[in-house]
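Participant: Predicted model, plus sequence, below.
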Amino acid sequence: MKAYIFPGQGAQFPGMAKDLYDNNTASRQIIEKANELLGFRISDIMFSGSEEDLKRTNVTQPAVFIHSIALYLGQEGLKPDMTAGHSLGEFSALVAGGVLSFENALMLVKLRADAMRRACDLQASTMAAVIGMEDKIVEEICDSINDEIIVAANYNSPGQLVISGTIKGIDLAIEKLTAAGCRRALKLPVGGAFHSPCMEPARKELADAIHLLHFNDAICPIYQNVSASPVQDATLIKENLISQLTAPVRWTQIVERMLQDGVTEFIEVGPGKVLQGLVKKINKEAVASSL
């Protein structure tokens, strides 16, 4: 069985999707439709912008989503047995799974990016990568810090976890994690504490928009970030998608569950190869490739 997996923020790079635009008519039509819906030529930034240009909040998330879907819908006859996406990538997975149209998903991605930026402006917060420590110990250290928001945010692979919270909370956590023997703990160059309670204002904004949209039942199981479990019911997919902004991304658990459920090949769809690397770290025997 094939699992199509979709990357999230951080996978962008200058020149992304230009080959698709130049060589695939269907992909070019999707990218031009995105330009129209967004009201500016995001494709110009994707093709010719700098790394700094691509880091702008209103560009990064739509750009990664557009690249993934232009690649996926630019192929004929693809039928996933299961799908999943890392954080932002879950929106791409929902399009591949028949839950949302490209147009509606893009509008939600745009709203999500803007809402997250506004939430970041309300509270000074950040994230940090923790390398070489068991998840349980990281969780216990985060729980031991009082009066600050500090939580496990991204379970990327065994021994690679990202924490999220207030700047003071992250600083205290790094100090404690280093003292406890983690191989490395370092702040990430991000504008806020994604997948933490700091994103509550953004969650509320996104929830209002999601409740207004019709979601279809999925054509295949979608392994959502919040639960790491296969979901096809539209109502549950909605609730999980709303919860995602303030809950951790359980990528390690998603890959493990997909393997238990019989996946034989992971196919990454979008810019970069980050997810393939994580899959191999989670299970060395897993087969992973790019579309």
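Facilitator: Received the coordinates, thanks. Numbers count the residues shown, from 1 in each chain.

Participant: what ranges do the strands span in the stretch 1-150 of the chain?
Facilitator: All strands of the stretch 1-150 of the chain, identified by DSSP state E, counting those that start in this stretch, fall at 2-6, 82-85, 125-131, 150-157.

Participant: report the angle between the axes of the last one and strand 125-131?
Facilitator: An angle of 40 degrees separates the directions of strand 150-157 and strand 125-131 when computed by axes from the mean of the first three to the mean of the last three Cα atoms, to 10 degrees.

Participant: In the stretch 151-291 of the chain, where is pLDDT below threshold?
Facilitator: For the stretch 151-291 of the chain, applying pLDDT under 70 flags no range at all.

Participant: before we move on, the earlier item: out of the strands of the stretch 1-150 of the chain, which comes closest to Val287?
Facilitator: Across those, Val287 has its closest neighbour in strand 2-6 (9.8 Å, Cβ to Cβ). C-beta coordinates here come from the backbone N, C-alpha and C atoms, glycine included.

Participant: what pairs with that closest one, and is each one parallel or antiparallel?
Facilitator: Strand 2-6 has the following strand partners under DSSP bridges: strand 82-85 (parallel), strand 265-268 (parallel).

Participant: Of the strands of the stretch 1-150 of the chain, which stretch is the most buried?
Facilitator: strand 82-85 (a mean of 30; mean count of other Cβ atoms under 10 Å).

Participant: so for it, what's the average pLDDT?
Facilitator: Strand 82-85 shows a mean pLDDT of 98.

Participant: who's in contact with that strand?
Facilitator: Defining contact as Cβ atoms under 8 Å, 6 or more residues apart in numbering, one finds that strand 82-85 is touched by 1-8, 90-94, 96-97, 220-225, 230, 254, 258, 261, 263.

Participant: Just the buried ones among those residues, please.
Facilitator: Using 16 or more other Cβ atoms under 10 Å as the burial test, these include 2-8, 90-94, 96-97, 220-225, 230, 254, 258, 263 as buried.

Participant: The spatially most central residue of the chain and Met258, how far apart?
Facilitator: For the chain, the residue sitting closest to the mean C-alpha position, by Cα atoms, centre = their mean, is Ser87 at 2.1 Å. Counting by Cβ to Cβ, to the nearest Å, the gap from Ser87 to Met258 is 17 Å.

Participant: Using JSON lines, please lay out the strands paired with strand 2-6 together with distance to Leu54.
Facilitator: JSON lines is the format used below for the strands paired with strand 2-6 (distance: least, Cβ to Cβ, whole Å):
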{"stretch": "strand 82-85", "distance to Leu54": "19"}
{"stretch": "strand 265-268", "distance to Leu54": "19"}
